[in-house]
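Chemist: Take a look and give me a structure for this.
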Amino acid sequence: MLSKFRAFSLFQISNPKTQARCFLLQFSASISSLKVVWRKDPKLDQAIENDKKWRMCARVVREVLNEPGQVIALSYLQKRRERLRLHVNVPTFLAQNPGLFDMYKDRIKPKSDLVTFVRASDRLNRFLEEEKMIQAENEPLIVAKLCKLLMMAKDRVVCADKLVEAKREFGFPNDFMVTLVSKYPEYFRLHGTPGEGQSFLELVNWNEEFAKSVIEKRAEAESTSLGFRVRPEFVWKLPRGFFMKKEMREWIRDWIELPYVSPYEDVSHLDPASPEMEKRMVGVFHELLSLSIHKRVAVPILGKFCEEYRFSNAFSSVFTRHSGIFYMSLKGGIRTAVLREAYKGDELVDCDPLLEIKNKFVELLDEGREQRAEQLRISRETIQKDMELMARLGTNN
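Modeler: The predicted structure follows:
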């Protein structure tokens, strides 16, 4: 059977412009008519679930550290419980995670009653120092990531506020827009002041070393290893039991055969409805997810960059249309785009060096929970001994 793309060559159209226009219409029609049924991937959903506890703790830590003096009254923190998406009261949360904070008594006003305040523990402060050290060690990687985000963007400019909102996805330091950007004037130029809605980060100089995508680098490595040229292409990795209709399989087969379009190429000349633009858009999403530390990003965050990266309003359909490359998770009521090839089961295949920060934080949480478990064990043993002693005394009497 002839595919949708190849079948069109049967029509004898002498005018090249007309032929190209008809091809685009055929491609657009084929995309709109093809639908892929979303299917749950339990293992990739589990990967997101595995991070649920430490992310919740990280939200509370950020809340406290963002306060003046990095302290907050316990009652004030309790009022923010819903916004922090805590499933228990704040005192219960603090008891369950004893390694994070210290509590002490003080007055909100000079003559007011004493109330309980929350501040970072010594253990948490040591972790924060470790975090700075890891970020400093990986500064070249962070600079390269930021350059790549700008290099893929239209006019090499991205709204600074959007980058700040997405900083945790790529492992950028909290103050990167102030410290990192000013440190590398050969790469970055900041226009305006972040937080005012009209600030933009501009790429000053193009670095060819950064202008290769993960897919292109993989093809180069394979070419060197095999001794012949391997063309850049996406890895398709459908989960077991995933079914696609024949029409969709044929469309995907023909789409894969199209030449790879680097996310760093200038595509201003491409028609937004062209197959090349679809290929480029998938390439940009692949590169964005590859640059993220968890190889997954919430769809609403990706949606903030529609203008900069030339995404259509219906861009999220790409993740289901190309289900062999991406997975759209609905875990926790949030749509999350996941890069399939980056995972084996629910574990990352290759870990970003900046993930060491997360690992250190999880270790901190585990130490605190082990400490709490030990305290509970000692308390139970003490109660048990007291009860046995009282029983013996009662028997003697």
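Chemist: On the three-state scheme, residue 102 is what?
Modeler: Recorded secondary structure, residue 102: strand (DSSP: H, G, I helix; E, B strand; the rest coil).
Chemist: Looking at it now. What's its pLDDT?
Modeler: As predicted, residue 102 sits at a pLDDT of 94.
Chemist: what sits against it?
Modeler: Applying CB atoms under 8 Å, 6 or more residues apart in numbering, we find residue 102 in contact with 118-122. All C-beta spots, glycine's among them, are computed from the backbone N, C-alpha and C.
Chemist: distance of residue 299 from residue 326?
Modeler: To residue 326, residue 299 is 10 Å away according to CB to CB, to the nearest Å.
Chemist: The one helix or strand residue 161 maps to: which residues count as buried?
Modeler: Taking DSSP states H and E as the definition, residue 161 sits inside helix 160-165. Under the neighbour-count criterion of 16 or more other CB atoms under 10 Å, helix 160-165 has 160-164 buried.
Chemist: just to revisit the earlier point, neighbour count: residue 299 and residue 326, which is higher?
Modeler: residue 326 (24 against 15; other CB atoms under 10 Å).
Chemist: so what's the closest residue to that one other than its chain neighbours up against?
Modeler: Excluding the flanking residues, the one nearest residue 326 by CB to CB, 6 or more residues apart in numbering is residue 319, at 4.2 Å. By CB under 8 Å, 6+ apart, the contact list for residue 319 reads 285, 299, 326-328, 337.
Chemist: How about residue 231?
Modeler: 219, 259-260.
Chemist: want to throw the buried residues of helix 160-165 into a markdown table with distance to residue 92 and pLDDT?
Modeler: As requested, the buried residues of helix 160-165 are arranged in a markdown table below (distance: CB to CB, whole Å; pLDDT from 0 to 100):
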| residue | distance to residue 92 | pLDDT |
| --- | --- | --- |
| 160 | 38 | 94 |
| 161 | 35 | 94 |
| 162 | 36 | 95 |
| 163 | 36 | 96 |
| 164 | 32 | 94 |
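Chemist: which two in the contacts of residue 102 are spaced the farthest apart?
Modeler: The span of the contacts of residue 102, defined through CB to CB, is set by 118 and 122 at 14.1 Å.
Chemist: now the strands for the stretch 151-300 of the chain?
Modeler: Here the stretch 151-300 of the chain has its strands, by DSSP state E, counting those that start in this stretch, at 157-159, 188-191, 200-203, 296-298.
Chemist: Out of those strands, which gets nearest to residue 170?
Modeler: Across these, closest to residue 170 is strand 296-298 (CB to CB), at 8.9 Å.
Chemist: got the buried residues for stretch 189-207?
Modeler: In stretch 189-207, counting by 16+ other CB under 10 Å, buried: 190, 194, 199-203.
Chemist: correction: stretch 258-275
Modeler: Those would be 260-264, 267, 270, 274-275, for stretch 258-275 by 16+ other CB under 10 Å.
Chemist: what about dumping the CA coordinates of it to PDB?
Modeler: The C-alpha trace of stretch 258-275 is given here as PDB (Å, rounded to 0.1, in the frame of the first residue of the first chain):
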ATOM      1  CA  LEU A 258      11.800  12.700   6.700                       C
ATOM      2  CA  PRO A 259      15.200  14.400   7.300                       C
ATOM      3  CA  TYR A 260      15.900  15.400  10.800                       C
ATOM      4  CA  VAL A 261      15.600  19.100  11.500                       C
ATOM      5  CA  SER A 262      18.000  20.400  14.200                       C
ATOM      6  CA  PRO A 263      16.300  22.500  16.900                       C
ATOM      7  CA  TYR A 264      19.200  25.000  16.400                       C
ATOM      8  CA  GLU A 265      18.500  25.600  12.700                       C
ATOM      9  CA  ASP A 266      17.000  28.800  11.500                       C
ATOM     10  CA  VAL A 267      13.500  27.800  10.500                       C
ATOM     11  CA  SER A 268      12.000  31.200   9.800                       C
ATOM     12  CA  HIS A 269      11.600  30.200   6.100                       C
ATOM     13  CA  LEU A 270       9.500  27.000   6.900                       C
ATOM     14  CA  ASP A 271       5.700  26.900   6.600                       C
ATOM     15  CA  PRO A 272       4.200  26.400  10.100                       C
ATOM     16  CA  ALA A 273       2.000  23.600   8.600                       C
ATOM     17  CA  SER A 274       4.900  21.800   6.800                       C
ATOM     18  CA  PRO A 275       6.100  18.300   7.800                       C
END
